[in-house]
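heads up, no residue letters with this:
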């Protein structure tokens, strides 16, 4: 196995205080992903000794409106400063800001050519910020059928097109295969096409967004393909446990080390 496994402290061990969740994942041999850093005690998280894989890279804003772009860039700079506390190498972005329920703050069912150009220019500015700080912003694909209706630039094809067009080491894909399965499918071909632009891969099974083995995706086959392609990045479990959290993590580990 050439890649490293990570898991989301937001979605596992939810009966524990957040710092204890991070410590449990670290003790289990996983790198740790977090979402909104502004609600966390970052020095306390750093004191756990955990390796952090990613965190949210903005607090407000969007890719296409004047006010939204300004807010996105300003809070991205705040996020870069916050990332220093836990040495998070990647900072995650979406096609627009999301509310606490995962719904877009500026829903857009259809985007036009001007929206694409503004999004591309905004991402180029973010990429430069990331590169100067020695970190990487990652643009995550989402699904609009189940979890994030109305989110613009949501499909994996959309995020890949934007990251390719920016073509900067400061911007990469957060390729979420759970969302891609719902929205597009054909996961192994997607991985083959997108891998040169991938900063991180996230996984959960479909339906239900639980650990591998609870749904329709053959993650063992995906894992074999990643090894064959020489992927040496992070595979992160961003999933709910279908039952016991420890068992969910072991099912994830087994799927990606078989």
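Nice, I can see it. Just so you know, these numbers come straight off a predicted model, no measurement behind them. Numbers count the residues shown, from 1 in each chain.

what comes up buried for whichever strand or helix holds residue 121?
Residue 121 belongs to helix 113-133 when assigned by DSSP states H and E. Neighbour counts over helix 113-133 (16 or more other C-beta atoms under 10 Å) mark 115-116, 118-120, 122-127, 129-130, 133 as buried. Every residue, glycine included, has its C-beta placed from N, CA and C.

want to throw these into CSV with pLDDT and distance to residue 75?
Listed next are the buried residues of helix 113-133 as CSV, based on pLDDT from 0 to 100; distance: C-beta to C-beta, whole Å:
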residue, pLDDT, distance to residue 75
115, 94, 20
116, 96, 22
118, 97, 18
119, 97, 17
120, 98, 20
122, 98, 13
123, 98, 15
124, 98, 17
125, 98, 13
126, 98, 11
127, 98, 16
129, 98, 11
130, 98, 14
133, 98, 14
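
give me the most central residue, the protein.
The C-alpha lying nearest the average C-alpha coordinate of the chain belongs to residue 174 (C-alpha atoms, centre = their mean; 4.6 Å).

surely residue 199 meets residue 90?
Yes: Residue 199 lies in contact with residue 90 (C-beta atoms under 8 Å); the separation is 5.5 Å.

so what's in contact with those two at the same time?
136, 138, 172, 174 (C-beta atoms under 8 Å, 6 or more residues apart in numbering).

widest-spaced pair of those residues?
Using C-beta to C-beta, these reach their maximum pairwise distance at 136 and 174, which is 9.8 Å.

any idea of the mean pLDDT in stretch 28-44?
In this model, stretch 28-44 has an average pLDDT of 98.

same question for stretch 148-155.
94.

same question for stretch 92-109.
Stretch 92-109 comes out at a mean pLDDT of 86.

list the contacts of it.
54-58, 60-65, 68, 71-72, 115, 119, 123, 126, 137-140, 142, 147-154, 158-159, 174.

in helices only, show me those.
68, 71-72, 115, 119, 123, 126, 158-159 (DSSP state H).

any chance of a markdown table for these, columns distance to residue 10?
Converted to a markdown table, those look like this (distance: C-beta to C-beta, whole Å):
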| residue | distance to residue 10 |
| --- | --- |
| 68 | 24 |
| 71 | 22 |
| 72 | 21 |
| 115 | 29 |
| 119 | 26 |
| 123 | 24 |
| 126 | 22 |
| 158 | 24 |
| 159 | 21 |
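
can you pull out the helices in this structure?
Going by DSSP H, the chain shows helices at 18-27, 42-47, 66-86, 113-133, 156-166, 177-183, 187-194, 219-229, 245-257.

restricted to strands, list the contacts of stretch 92-109.
Under the assignment DSSP state E, the contacts of stretch 92-109 contribute 54-56, 137-140, 174 to strands.

what's the farthest-apart pair in the residues you listed?
55 and 139 (14.5 Å).

how about low-confidence regions in the protein?
1 (pLDDT under 70).

picking up where we left off before, return the most buried member of the helices of the chain.
helix 177-183 (a mean of 24; mean count of other C-beta atoms under 10 Å).
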